[in-house]
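A.B. asks: Please work out how this folds:
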Amino acid sequence: MAKNSSEKTKKFMVYFMAIIMVSSVFGVVFFGFSGAGSQTSKYKGYKFIFRGDAWSTKAFSQTALFSYLPQDVENVNVSPDSIGLLKQKLQIDTTADSNGTFIQEISLAQFQMGASMQPYNVYIRNGFTSKNDFNAPVINCSIATPFVPVIYFKEGKDTRAYTEGSCIIAESGNAVDFIRLKDRLLYGMFDII
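C.D. replies: Sure thing, here's the model as predicted:
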């Protein structure tokens, strides 16, 4: 009799554990890992959701990704001409000095800009200002046109973006601000800021 009771207890424990495991799987499938604890933020009618490594929102019926929230970059000094030059383009060229101190951060900003604009069918062509070891195209402000503007990420004293002809100079004196500049330009292009 004790043996039978012990087996019933073992079976009950096995079934109980199986139910816990199956319900956990359903919970993850239907509610995700973060569930109700996911971070959200609102800005001028846009709802931003943190997706683990980026903020996302709907802009022009597509999901747009950013590293920073708009309120974190709205004070970055970007001329209105710079934003106007970038809007409604099929291609935007970006460039930087291949031997610059912040080349890794600038390359990340270029890559993220390309990934962000891809759903909008905007081609981002990345290059360098002079011949380089990477066989990347040589892109500089002299080839910028109103139809294909150039964003020149360069080292400077202040963090800002301004235009010279059809070229946007996006400069910063520290590495992190190149990603902030990229986000500020994107927010302007999407009319969020």
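A.B. asks: Model confidence score at the most centrally placed residue in the chain, please.
C.D. replies: Geometric centre of the chain, nearest residue: residue 66, 3.4 Å, by CA atoms, centre = their mean. Per-residue confidence at residue 66 stands at 95 (pLDDT).
A.B. asks: Could you do residue 51 as well?
C.D. replies: Residue 51 carries a pLDDT value of 89.
A.B. asks: who touches it in this structure?
C.D. replies: By CB atoms under 8 Å, 6 or more residues apart in numbering, the contact set of residue 51 is residue 65. Every C-beta, even on glycine, is put in place using the N, C-alpha and C of the backbone.
A.B. asks: Also residue 103?
C.D. replies: Taking CB under 8 Å, 6+ apart, one finds 96-97 in contact with residue 103.
A.B. asks: tell me which residues of stretch 169-186 are tucked away?
C.D. replies: Buried residues in stretch 169-186, counted by 16 or more other CB atoms under 10 Å: 169-172, 175, 177-186.
A.B. asks: and what of stretch 83-100?
C.D. replies: Buried residues in stretch 83-100, counting neighbours by 16+ other CB under 10 Å, are found at 83, 85-86, 89, 92-98, 100.
A.B. asks: Check stretch 127-139 too.
C.D. replies: 127-129, 136, 139.
A.B. asks: Then stretch 149-158?
C.D. replies: 149-155.
A.B. asks: Would you reformat those as CSV and include secondary structure and pLDDT?
C.D. replies: Shown next, in CSV, are those (DSSP: H, G, I helix; E, B strand; the rest coil; pLDDT from 0 to 100):
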residue, secondary structure, pLDDT
149, coil, 98
150, strand, 98
151, strand, 98
152, strand, 98
153, strand, 97
154, strand, 95
155, strand, 95
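A.B. asks: right, and residue 47 touches residue 40 too?
C.D. replies: Yes. Checked against CB atoms under 8 Å, the pair residue 47 and residue 40 is within contact range at 6.2 Å.
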